[in-house]
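> sequence unknown, structure follows:
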């Protein structure tokens with residue numbers, strides 16, 4: 001036992017004593033765990049400083065990591081709260097006494113099942129239930145619309161954004177900064193202004209309240225992400241590879257397919273994933289441009305909050321969070337692969 005304590009660092013002993021003190025004062029395990037996470041996480045991620053580092057430098061590093069932990073908790077807590085609430089057996093948006101006491105009877109998957117049953121004409125039928133669910137279940141219809149619109153707009157945004165990024169990467173491109181600012185302006189202009197302008201313009205050309213209109217609106221919002229990611233991938237691109245390919249007799253399409261595209265593919269996929277997430281979460285443009293037939297998941301959630309508050313919204317939100325985490329993980333892996341291909345990170 002003496003050897004164990006002798007191997008522990010002094011700050012770990014102080015932290016352990018502080019946790020015991022918090023437990024004695026608050027007499028709450030939850031408060032102690034919260035204290036341990038907020039102030040213990042910086043210790044876990046705190047790298048070893050050189051032996052000549054002063055006490056002030058050590059205190060500053062711990063303070064900096066603690067501040068980052070507080071910011072992280074502040075940002076992530078509203079998202080994490082919806083996960084246990086989606087398993088609430090009661091139709092409320094609050095934690096019940098049973099949930100706080102971890103009573104198994106206070107948790108249920110009824111709201112996840114409601115995603116498939118809500119709106120069905122005969123939810124208990126044994127025949128024809130699939131067609132009934134596919135055509136009548138409100139959340140299934142919204143999911144079907146969301147993925148159809150997101151996939152179509154992602155394809156268009158990736159194609160147009162990649163072409164724009166390749167054009168803007170040309171060294172002799174005139175007014176490059178001005179054109180870049182115009183193309184990425186949908187990220188800067190308030191979305192309600194964009195949606196209002198789209199509504200009046202699409203109404204004049206007959207695209208309002210149509211799938212094509214919603215897809216084009218989402219494409220407009222997704223193109224800037226593709227331009228930024230592909231342009232970042234093209235940074236430091238060796239243009240002598242293009243000249244070498246052309247010198248060996250390859251035409252423009254062959255050069256793009258065999259030389260340029262393999263190098264910018266991580267940026268293209270990253271931009272496509274960002275465009276997909278943007279389309280999947282977009283609600284403002286849908287409120288202006290979509291009809292009942294084009295109702296997406298965010299629009300269904302918005303209508304559910306206004307008309308019928310149900311934890312089914314939390315269940316759908318939890319699923320969307322899981323999808324977003326998966327897609328962002330893919331983006332990070334692609335970013336690291338791109339850095340390795342460009343020689344910016346060790347293989």
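That came through fine. All values derive from a computational prediction rather than experimental measurement.
> for residue 188, phi and psi?
phi -100, psi -40 (degrees, to the nearest 10).
> mind checking how far it is from residue 181?
9 Å (Cβ to Cβ, to the nearest Å). Yep, even glycine has a C-beta here, placed from its N, CA and C like the rest.
> same check, this time on residue 48
On the measure of Cβ to Cβ, residue 48 and residue 181 end up 45 Å apart.
> higher neighbour count, those two?
residue 181 (11 against 6; other Cβ atoms under 10 Å).
> which residues touch that one?
For residue 181, no contacting residues are found, by Cβ atoms under 8 Å, 6 or more residues apart in numbering.
> now name the helix or strand holding it.
helix 176-183 (DSSP states H and E).
> buried residues, the next helix-or-strand element following that helix. List them.
Counting by DSSP H and E, the next helix or strand C-terminal to helix 176-183 is helix 191-205. Under the neighbour-count criterion of 16 or more other Cβ atoms under 10 Å, helix 191-205 has 194, 195, 198, 199, 202 buried.
> name the helices or strands packed onto the next helix or strand after helix 191-205?
For helix 191-205, the succeeding helix or strand toward the C-terminus, using DSSP H and E, is helix 211-234. If contacts are counted by 3 or more Cβ pairs under 8 Å, 6 or more residues apart in numbering; DSSP states H and E, helix 211-234 sits against helix 138-168, helix 176-183, helix 191-205, helix 261-281, helix 284-289.
> which one of these lies nearest to residue 21?
helix 261-281 (43.5 Å; Cβ to Cβ).
> how distant is the closest one from the center of its chain?
12 Å (Cα atoms, centre = their mean, to the nearest Å).
> stretch 328-339 too?
14 Å.
> check stretch 296-310 too.
For stretch 296-310, the distance to the chain centre is 20 Å (Cα atoms, centre = their mean).
> can you pull the poorly scored residue ranges out of the stretch 151-300 of the chain?
Scanning the stretch 151-300 of the chain for pLDDT under 70 picks out 236-239, 252.
> rerun that using 80 as the cut-off
In the predicted model, the stretch 151-300 of the chain carries pLDDT under 80 at residues 170-171, 173, 234-263.
> quick check: buried residues in the helix or strand harbouring residue 60?
Residue 60 is part of helix 55-85 when elements are defined by DSSP H and E. Buried residues in helix 55-85, counted by 16+ other Cβ under 10 Å: 65, 66, 69, 82, 85.
> the closest residue to residue 86 other than its chain neighbours sits in which helix or strand?
Spatially, and ignoring its direct neighbours in sequence, residue 86 is nearest to residue 314 (3.9 Å; Cβ to Cβ, 6 or more residues apart in numbering). Using DSSP H and E, residue 314 sits within helix 312-341.
> tell me the domain boundaries of this structure?
If you go by automatic domain parsing, the domain ranges for the chain are 2-81, 132-341.
> okay, now residue 147: neighbour count?
So residue 147, with other Cβ under 10 Å, has 15 neighbours.
> how far away is it from residue 84?
27 Å.
> again with residue 36
20 Å.
> equivalent analysis for residue 139, please.
Taken as Cβ to Cβ, the span from residue 139 to residue 84 is 20 Å.
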